[in-house]
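Q: With the sequence up front, the predicted model follows.
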Amino acid sequence: MLERCAAHPGGIYGPIDDPHHVSGSGPDWENVADCGANQCVAPATGTAFCALDPAPTPLCAGAQFACEGQTLIACSAGYAVERRTCGTCDATFGSCAEGTGAGCAGGTCGGGLVCNADPYQTCEQPCDCPEGATCAACGDSWAQAPDGGATLKWTCVAHLCAFRY
């Protein structure tokens, strides 16, 4: 479980016409995200985070981004924190052209993705799971480690992977 220290300051809160005082309290630890078994990483410097895998990713050694074929990998402290299927992967700039979620107004997508013209013209992963079901193939095209913020949740909609936050 990823935890962060949260402060609880006191002060005046509420609308201008009805303010009220709230007493503060000392900071405490709050659960932020369930990383998965051995996937919570506490680097020597910096903030703890969730990784996609329990072991460091060799391509991430000393890198912020890496490419593995047509997959862009975002890295933190040697661990993969995001993977995304691309048409063209550029680790120098961390860019993923013609990849999952990218615009495809010209109809071009890479990495086995197809252009979904409805409604936003984006490159999406095809899927064969039942309508509305979670589909493993979708997570393979774009995966993010949970970090307490928005996490991609994939379902199969009209035979294409759709994500919801």
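A: Looks like it came in fine.
Q: since we're on residue 157, how many residues are nearby?
A: Look at residue 157: counted by other C-beta atoms under 10 Å, it has 19 neighbours. Where C-beta positions appear, they are placed from N, C-alpha and C, glycine not excepted.
Q: would you list every one of the helices in the chain?
A: Here the chain has its helices, by DSSP state H, at 136-141.
Q: What sits closest to the spatially most central residue of the chain if chain neighbours are left out?
A: Nearest to the geometric centre of the chain sits residue 144, at 2.9 Å (C-alpha atoms, centre = their mean). Take residue 144 and drop its neighbours on the chain: the residue closest to it by C-beta to C-beta, 6 or more residues apart in numbering is residue 82, 4.8 Å away.
Q: pretty sure residue 100 is in contact with residue 113, am I right?
A: Yes. The criterion here is C-beta atoms under 8 Å, and residue 100 meets it with residue 113 at 6.2 Å.
Q: Overlap in contacts, the two.
A: 85, 123-125, 141 (C-beta atoms under 8 Å, 6 or more residues apart in numbering).
Q: most surrounded residue in those residues?
A: Going by other C-beta under 10 Å, residue 123 tops these with 28 neighbours.
Q: on that earlier part again, pretty sure the residue nearest to the centre of the chain contacts residue 81?
A: Yes. Judged on C-beta under 8 Å, residue 144 makes contact with residue 81 at a distance of 7.1 Å.
Q: any residues in contact with both of the two?
A: residue 52.
Q: before we move on, the earlier item: can you give me the separation between the residue nearest to the centre of the chain and residue 30?
A: According to C-beta to C-beta, to the nearest Å, residue 144 and residue 30 sit 21 Å apart.
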